[in-house]
Structures are given as structure tokens and as C-alpha cells.
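Q: Provide a 3D model corresponding to the input given below.
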Amino acid sequence: MAADFFHLDTAPGHRLYAPAFLEHGTRRPHITGVTAQPSREWVVRQARNAAAGLGVRIESLRFLLRDRDGKYGPAFDAVFQAEDMEVLLSAPRAPRMDAHCERVTGTLRREALDHVLVMNEAHA
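A: Okay, the predicted model is just below:
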């Protein structure tokens with residue numbers, strides 16, 4: 001499984017952020033929320049939502065690949081470590097290390113978000 005953030009721009013010109021969790025085996029993305037100000041506490045809550053949304057499928061996952069963003073913290077890692085997943089950090093400045101998640105978020109932006117005018121967080 002991979003975790004990454006992607007951004008979407010609203011019609012009034014504000015930027016919103018959404019965490020995306022990608023199952024590598026099925027290439028199924030899980031978008032858990034949208035916010036203008038992602039904090040560590042909010043990101044941990046979204047990680048719990050993703051873990052709960054996976055249900056019994058989370059037992060088959062062994063690794064979580066994430067980047068070294070400051071929004072992730074020890075509490076974020078603890079959510080997945082409690083599910084017996086090992087958290088792997090991508091190398092600094094190596095976007096190709098998480099290429100599957102980068103490709104899926106790029107596809108989401110091109111295929112869905114380029115055709116919709118998002119007004120605010122509730123609309124997104």
C-alpha cells in the first residue's frame with residue numbers, strides 16, 4: 001500500500017489537499033478526505049479512516065510506502081503498525097520510488113478534476 005497527498009485547485013483559486021491511499025495489488029485508490037490545512041492530527045484521522053475502510057483486506061497488506069513529508073508523524077505510522085504493516089519511507093527526492101501512487105493521483109487529476117469546477121472543501 002502507498003500513501004501520498006495530491007492537491008486540487010478550486011475555482012476561487014484556493015488549494016485543497018487530499019490523502020490518497022493506493023492498494024498496489026488491485027490499484028484501487030482510497031481518498032479519505034479533503035482539507036485546506038492538513039495537520040498531523042487530521043492526517044492520523046484519515047489514516048484511521050483508510051484502515052477501517054479496508055476492513056479485512058488490510059490483513060493481506062504487509063507494507064505501507066510513504067514519503068518523508070512532515071505531515072506524517074509517529075502516530076500515522078502507529079495506525080498501520082497496529083495492523084502488522086511495516087512502514088517504509090521513500091528516499092529523499094525520489095518521486096519514482098512511489099511511481100504507482102504518483103501515476104494514479106495524476107490520472108485522478110487529469111480524468112476527473114480537470115472536468116469539474118470545485119468550489120470549496122464541501123464540494124470536493
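Q: right, and the secondary structure at the spatially most central residue of the chain would be what?
A: The centre of the chain sits closest to residue 20, judged by C-alpha atoms, centre = their mean, with a distance of 2.4 Å. Secondary structure for residue 20, judged by DSSP: H, G, I helix; E, B strand; the rest coil, is strand.
Q: mind checking pLDDT for it?
A: Among the per-residue scores, residue 20 holds a pLDDT of 89.
Q: mind checking how far it is from residue 101?
A: Residue 20 sits 7 Å away from residue 101 when distances are taken as C-beta to C-beta, to the nearest Å. C-betas here are computed from N, CA, C, even on glycine.
Q: what is in contact with the two at once?
A: Common neighbours of residue 20 and residue 101, using C-beta atoms under 8 Å, 6 or more residues apart in numbering, are 3, 4.
Q: how about the strands in the protein?
A: Here the chain has its strands, by DSSP state E, at 2-9, 15-23, 28-31, 63-66, 86-89.
Q: Now do the end-to-end distance for stretch 63-77.
A: Looking at stretch 63-77, the gap from its leading to its trailing residue is 11 Å under the measure C-alpha to C-alpha, to the nearest Å.
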